[in-house]
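Novice: Quick check, what structure comes out for this input:
(2 chains)
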Amino acid sequence: DAGITQSPRHKVTETGTPVTLRCHQTENHRYMYWYRQDPGHGLRLIHYSYGVKDTDKGEVSDGYSVSRSKTEDFLLTLESATSSQTSVYFCAISESGSHTEAFFGQGTRLTVV
Amino acid sequence: GNSVTQMEGPVTLSEEAFLTINCTYTATGYPSLFWYVQYPGEGLQLLLKATKADDKGSNKGFEATYRKETTSFHLEKGSVQVSDSAVYFCALSDRSGGGADGLTFGKGTHLIIQP
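Specialist: Residues are numbered from 1 along each chain as shown, chains lettered A, B, ... in the order given. The predicted structure follows:
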């Protein structure tokens, strides 16, 4: 299995609070991604990174920010959590971009109350 | 923009039945196409892929052929097993329009195989 660890695995937080999710990889892959999974929507791309300090927006980036200060870590921050951000968040990595195989973490279930 | 349409389930079959899950796509360029599978409580795993027209991806008895003329990438398996029960996602990657990297997913098809 690819070495991807997401933390925490479960979190309940209150509306208006900041939340940070962490993705850690041991594969030294250049690309890292954050997706959210919601019923009836499949997975949608939030942000991605193509190198240290190099990030870009995806389809549903509003209300989220990311940082990548080291190759192995990619952080997703919800600046002020809302109930619409209740979801399962998946981190993924790939060696050369999304046309190559992506490896997914086990997901973080976030509930905003 | 890019989009993927796949049949939504649940799809319920008996063991040893033939499986087809339809997938069609819209893309501005020449995408790579994928099928990913998600088992309960886990992340997604790549099942198979195809990178150009007429390519056939195959793995674990599953097959899909990249059909540019019909913009389709249907997943097939000749004889399903209970262990194939999972959610299956069709996805594409297309950067020809200069857009974001990353995959565009369909909504997923929940497959249930009964003994």
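
Novice: Which residue ranges of chain A form helices?
Specialist: If DSSP state H is used as the criterion, chain A turns out to lack helices entirely.

Novice: In it, what residue lies closest to chain B?
Specialist: The minimum distance from chain A to chain B, using CB to the nearest CB, falls at residue A:104 (3.3 Å). To be clear about C-beta, it is placed using only N, CA and C from the backbone, and glycine gets the same treatment.

Novice: list the contacts for the nearest residue to that residue once chain neighbours are set aside?
Specialist: For residue A:104, ignoring the flanking residues on the chain, the nearest one in space by CB to CB, 6 or more residues apart in numbering or on different chains is residue B:43 at 3.3 Å. By CB atoms under 8 Å, 6 or more residues apart in numbering or on different chains, the residues touching residue B:43 are A:4, A:90, A:92, A:104-107.

Novice: The residue most central in space within chain A bridge partners, please.
Specialist: Residue closest to the average C-alpha location in chain A (CA atoms, centre = their mean): residue A:34, at 2.8 Å. The residues listed as beta-bridge partners of residue A:34 by DSSP bridges are residue A:47, residue A:91.

Novice: Return the set of buried residues in the helix or strand bottoming out on mean pLDDT in chain A.
Specialist: Among the helical and strand segments of chain A, the one scoring lowest on mean pLDDT, DSSP states H and E is strand A:102-104, with a mean of 93. Neighbour-count burial for strand A:102-104, with 16 or more other CB atoms under 10 Å in any protein chain shown as criterion, is recorded at A:102-104.

Novice: who touches it?
Specialist: Counting by CB under 8 Å, 6+ apart, the neighbours of strand A:102-104 from elsewhere in the structure are A:2, A:4, A:27, A:29, A:33, A:90-94, B:43-46, B:103.

Novice: could you redo the last one with a cut-off of 6 Å?
Specialist: For strand A:102-104, contacts defined as CB atoms under 6 Å, 6 or more residues apart in numbering or on different chains pick out A:2, A:90, A:92-94, B:43-44.

Novice: I figured residue B:31 was touching residue B:94, is that so?
Specialist: Yes. Under the criterion of CB atoms under 6 Å, residue B:31 makes contact with residue B:94 at 3.7 Å.

Novice: Between the two, which has more neighbouring residues?
Specialist: A side-by-side neighbour count of residue B:31 and residue B:94, using other CB atoms under 10 Å in any protein chain shown, places residue B:31 first with 28 against 22.

Novice: confidence score at that one?
Specialist: Model confidence at residue B:31, given as pLDDT, is 92.

Novice: Reformat the contacts of residue B:43 as TSV; add distance to residue A:64.
Specialist: TSV is the format used below for these (distance: CB to CB, whole Å):
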residue	distance to residue A:64
A:4	19
A:90	14
A:92	15
A:104	18
A:105	17
A:106	20
A:107	16
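
Novice: Which ChimeraX command selects the buried ones in those?
Specialist: The following ChimeraX line selects those of these that are buried, judged by 16+ other CB under 10 Å:
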select /A:4,90,92,104,105,107
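
Novice: how about the contacts of residue B:43, which pair is most distant?
Specialist: Set against one another by CB to CB, the contacts of residue B:43 have their most distant pair in A:92 and A:106, with a gap of 11.4 Å.

Novice: in chain B, which segments are predicted with low confidence?
Specialist: Low-confidence regions of chain B, defined by pLDDT under 70, span residues B:97-99.

Novice: Much appreciated, bye for now.
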